[in-house]
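K.L.:
When you get a sec, could you give me coordinates for this:
(one chain, ligands or ions: 1)
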Amino acid sequence: MHNEFGGSWTQTKIEILEKYAEAYLHIMSKQKFHLTYFDGFAGSGDIKIGNEEDFKIIAGAAKKIVAIGVPRSFDIYYFVEMDTQKRDLLEYALKTIRATNNISVVAEDCNVVLKRLAEYLRADVSRKALVFLDPFGMNLNWESVEILKGLGVDLWILSPTGVGANRLLKKDLKISEAWWQRLEKFFGIERQVIKESIYDEHLETDLFGSRTVTRKSTLANQKLFEIYAERLKTVFSLISDPYVIVNKNNSLMYHFFCASNNASAIKIANDIVKQYNKKSS
Ligand SMILES: C[S@@+](CC[C@H](N)C(=O)[O-])C[C@H]1O[C@@H](n2cnc3c(N)ncnc32)[C@H](O)[C@@H]1O
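P.N.:
So this is what the prediction gives:
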């Protein structure tokens, strides 16, 4: 059983994270912090990319990060994967790479475990964490991100701007109550604010009179990314430029970027992201 998703961008996303983790560990090797690596949507260890006729299996982010050992590794690794079968596979794979007892793999909801991570970090200022949040869709709640405020966290996050938020926001505004609730939980803002940024109402007049017409912005993806980025800036002082992920029809799927309170972290993240955005343009 492998995670099945993505194309070459999946590999690129993992490479970006890996490069960042290497730089992070390099810098931290000269300092005396206790380092946690936390992956909230960890997967099974392997990823199948492509389609049934033409696919390959690549190592997921968890395996890549656990394999980094020079100049140092993390002090503890915490992986969260809600699917118990995937959790078991991941635990087995990781313990094969690094036979230590500092790796935990738990089958829980990341939204719950992030609260425990925040408490753990808050208890001691010498604890720092690199956090990777890589959900399929809109399954990360805003309050789980907000809880990281003021902590020594560098966060890499995959925002499902196109495949999640934009898809729920139907052109005709026929959006179910469940979808609005999902959007509100994801962005941590009220539906009215989302509605006002993405839709505009104007008066159309024809032979039979005038009526109010609602129009969805053609820049919805950009606006949704900006809303999420602004939300993140209330938690972290800085965010990096995003690695922009599009599908083969050039439709936007995700934004992948780093949030941190540390200017050097963002500089490194921007340098890495720039290389990959250049490659894919
Ligand atoms: C995009 S995949 C992660 C891929 C992984 N980062 C890798 O590189 O191999 C997302 C994973 O999150 C898991 N998941 C979904 N909702 C979750 C939740 N609320 N908490 C924890 N895991 C969740 C899914 O079962 C899936 O395996």
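K.L.:
can we go C-alpha only for contacts and neighbour counts from here?
P.N.:
Noted.
K.L.:
Can you check the pLDDT for the nearest residue to residue 83 once chain neighbours are set aside?
P.N.:
Leaving aside its chain neighbours, residue 83 sits nearest to residue 107 (6.2 Å; criterion: CA to CA, 6 or more residues apart in numbering). Residue 107 carries a pLDDT value of 98.
K.L.:
Run through the residues of the stretch 101-250 of the chain sitting next to the ligand.
P.N.:
Within the stretch 101-250 of the chain, the positions near the ligand by CA under 6 Å from any ligand atom are 108-110, 134-136, 139.
K.L.:
Any idea how many residues pack against the residue nearest to residue 83?
P.N.:
Other residues near residue 107 number 17, with proximity taken as other CA atoms under 10 Å.
K.L.:
now do the one 10 residues further on
P.N.:
By the criterion of other CA under 10 Å, residue 117 has 17 neighbours.
K.L.:
That one sits in which helix or strand?
P.N.:
According to DSSP states H and E, residue 117 maps onto helix 110-122.
K.L.:
Just the buried positions in that helix, please.
P.N.:
110-111, 113-115, 117-118, 121-122 (16 or more other CA atoms under 10 Å).
K.L.:
List phi and psi for the closest residue to residue 190 other than its chain neighbours.
P.N.:
Once flanking residues are discounted, residue 190 sits nearest to residue 184: 5.6 Å by CA to CA, 6+ apart. Torsion angles at residue 184 (phi, psi; degrees, to the nearest 10) stand at phi -60, psi -40.
K.L.:
How much space separates residue 184 from residue 142?
P.N.:
Per CA to CA, to the nearest Å, residue 184 is found 8 Å from residue 142.
K.L.:
Repeat that for residue 52.
P.N.:
35 Å.
K.L.:
So those two - more neighbours on which side?
P.N.:
A count of neighbours by other CA under 10 Å puts residue 142 above the other of residue 52 and residue 142, at 19 against 8.
K.L.:
what's near enough to touch the more buried one?
P.N.:
185-188 (CA atoms under 8 Å, 6 or more residues apart in numbering).
K.L.:
cool, and residue 80?
P.N.:
Taking CA under 8 Å, 6+ apart as the test, what residue 80 contacts is 39-42, 87, 105-110, 113.
K.L.:
where are the low-confidence patches of the stretch 151-281 of the chain?
P.N.:
280-281 (pLDDT under 70).
K.L.:
switch the cut-off to 50
P.N.:
For the stretch 151-281 of the chain, no stretch has pLDDT under 50.
K.L.:
can you pull out the strands in it?
P.N.:
For the stretch 151-281 of the chain, the strands defined by DSSP state E, counting those that start in this stretch occupy 153-159, 199-206, 209-216, 238-239, 243-246, 252-260.
K.L.:
who touches the shortest one?
P.N.:
Contacts to strand 238-239, defined as CA under 8 Å, 6+ apart, come from residues 229, 232-233, 257-263, 266.
K.L.:
For residue 4, report the pLDDT, please.
P.N.:
47.
K.L.:
Let the chain start at 54 from now.
P.N.:
With 54 as the first residue, the last one maps to residue 57.
K.L.:
do you know how far residue 267 is from residue 221?
P.N.:
Taking CA to CA, one finds residue 267 at 16 Å from residue 221.
K.L.:
cool, residue 68 as well?
P.N.:
From residue 68 across to residue 221, the span is 30 Å (CA to CA).
K.L.:
Same check on residue 332?
P.N.:
In terms of CA to CA, residue 332 sits 30 Å off from residue 221.
K.L.:
Noted, bye for now.
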